[in-house]
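> Sequence and predicted structure are below.
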2 protein chains.
Amino acid sequence: MNTLAEENYLKAIYHLSLNDLNVSTNQIAAALNTKAASVTDMLKKLADKELINYEKYQGVTLTAAGEKIALHIIRKHRLWEYFLVEKLNFKWDEVHEMAEEMEHISSVELIDRLDKFMDYPKHDPHGDPIPDRDGNIKKYELKPIASLTVNESGVISGVRDHSPTFLQYLEKQQLTIGKQIKVTDIIEYDNSMILQVEHTTTHISREVAKNLLIAL
Amino acid sequence: MNTLAEENYLKAIYHLSLNDLNVSTNQIAAALNTKAASVTDMLKKLADKELINYEKYQGVTLTAAGEKIALHIIRKHRLWEYFLVEKLNFKWDEVHEMAEEMEHISSVELIDRLDKFMDYPKHDPHGDPIPDRDGNIKKYELKPIASLTVNESGVISGVRDHSPTFLQYLEKQQLTIGKQIKVTDIIEYDNSMILQVEHTTTHISREVAKNLLIAL
DNA sequence: ATTTATTTTTAGACAAGTCTAAAAATTTTA
DNA sequence: TAAAATTTTTAGACTTGTCTAAAAATAAAT
């Protein structure tokens, strides 16, 4: 259907679109670890296939068809991540690279059965929503802990940084998905925050607070 | 490590080696649905990497390194087939194409955990032995039902033809892995055989008898 | 033991996806 | 708003894996 490279471009454009309406060539190049010239070549191909809207120098957006494909890849990625954590007992910081390969396995029937096997999970191990088979995805309604003020609380429900080092740090501090937290103090000097997490207290930097998300 | 194409060539050569010591260019081309000229190109590349022993016009054999890679791919293929049948409830005739994609997922840790998750199966759904993580594989010690004489019996333990049509036929006749069979008669005219399978009687052609294997 | 048929290899070409270097367009800055 | 900086595109080249057509080697047949 589509090549591996095309799928990776569509997925990258989808993710970048969440932050910027028009995605630039350089952004895509950075996300895919390739060069701008290569990106331009591929953008022409994807535009020919009507998977993206592309005008020279103006950046790109996904067409409905392109977005559907991107969401299908993301669905597969997140279901496989869930499988790896829940069934094969990998940690949440270990599964991304494997899922990057597994998301390209083509069978739709396989993914539907996998979904059923795991009893239709709604979120992957990092709290990201899993699109359904028609490409419907729950709107992302989380906000960073950094936006809270003293005495506000919430439930940890997602992360903005998926890097293993960040995830390992959170694990060590017990700051994992589902945990109830409360902001007990904010240090004015550096905007770092003191959190109450279950029965312990943790001190996190503003950097961490911006990348840890709670449910609204 | 190795490209997808290289892995497919090594696997094909391994399978063909089970019937012929030296595998010919044309045999490989037929197995991979490609042209002899393309095969020659790839054989040079694999020989450069010392994964095959190759002398012009003489056919090829796998080196120890090449065989190890082939067996690793086959291990992954068969474990994924087992997963698809035992965990996702696919039928034995539906899993080959999916496993062809899944066998190229690279993580060794993933496969070891999958193996454990399924409690270390020894055979895939078609009765083929699953190599261990070091590339050791049980010697194939099965013989076709066609080699039996009247009143001999055995347990169905493998197939020589993995095509969906053959597997579906066997399924319908209840001729599946693990079934005890006994030859009650052989029709001299066409060498077809009458089998006792549990409490029923089935009549199979010589063609089928050659492709259905029982344990020694 | 030659001729014929078959198999295999070489030669040259092509598509996908990438790259570097240079040109063109856009954006920023003074 | 014109010059400078940045971004994006074009041009041309390279790699991987494939192909067709033709040449070379091997095997089969008379």
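Nice, I can see it. Numbers count the residues shown, from 1 in each chain, chains lettered A, B, ... in the order given.

> Who are the packing partners of the lengthiest helix in chain A?
Of all segments of type helix in chain A, defined using DSSP state H, the longest is helix A:64-86. Helix A:64-86 is packed against helix A:4-17, helix A:96-102, helix A:108-117, with contacts defined by 3 or more CB pairs under 8 Å, 6 or more residues apart in numbering or on different chains; DSSP states H and E. Using the backbone N, CA and C atoms, a C-beta is placed for each residue, glycine as well.

> Residue A:177 reaches residue A:128, doesn't it?
No - with contact defined as CB atoms under 8 Å, residue A:177 does not reach residue A:128; the gap is 10.1 Å.

> Overlap of the contact sets of those two?
residue A:158 (CB atoms under 8 Å, 6 or more residues apart in numbering or on different chains).

> between these two, who's got more neighbours?
Comparing residue A:177 with residue A:128 by other CB atoms under 10 Å in any protein chain shown, the one with more neighbours is residue A:128, at 20 against 17.

> count of neighbours near residue A:215?
Neighbourhood size, residue A:215 [other CB under 10 Å]: 12.

> Check the gap between the nearest residue to it once chain neighbours are set aside and residue B:104 for me.
Nearest non-adjacent residue to residue A:215, counting by CB to CB, 6 or more residues apart in numbering or on different chains: residue A:157, 4.4 Å away. Shown here: residue A:157 relative to residue B:104, a distance of 34 Å by CB to CB, to the nearest Å.

> More neighbours: which of these two?
Between residue A:157 and residue B:104, residue A:157 has the larger neighbour count (other CB under 10 Å), namely 20 against 17.

> wait, is that one part of a strand?
Yes - according to DSSP: H, G, I helix; E, B strand; the rest coil, residue A:157 belongs to a strand.

> What residues does it make contact with?
For residue A:157, the residues meeting the contact criterion (CB under 8 Å, 6+ apart) are A:127, A:142, A:177-178, A:213-215.

> which bits of chain A sit near chain B?
Counting by CB under 8 Å from any CB of the partner chain, the residues of chain A close to chain B are A:84, A:87-90, A:97-98, A:101-102, A:104-107, A:110, A:113-114, A:117.

> Now the buried members of those residues.
A:84, A:87-88, A:90, A:98, A:101-102, A:104-105, A:107, A:110, A:113-114 (16 or more other CB atoms under 10 Å in any protein chain shown).

> On the three-state scheme, the residue located most distally from the centre of chain A is what?
Residue farthest from the centre of chain A, counting by CA atoms, centre = their mean, is residue A:189 at 31.1 Å. When classified by three-state DSSP, residue A:189 comes out as coil.

> do you know how far it is from DNA strand D?
Separation of residue A:189 from DNA strand D (CB to the nearest atom of the strand, to the nearest Å): 32 Å.

> Let me know the pLDDT of that residue.
At residue A:189, the pLDDT value in this model is 96.

> what does chain A have sitting close to DNA strand C?
Within chain A, the positions adjacent to DNA strand C are A:3-6, A:32, A:34-35, A:37-38, A:41-42, A:45, A:56-57 by CB under 7 Å from any atom of the strand.

> Let's see that with 10 Å instead.
Contact residues (CB under 10 Å from any atom of the strand) of chain A with DNA strand C: A:2-9, A:22, A:24, A:29, A:32-42, A:44-46, A:48, A:55-59.
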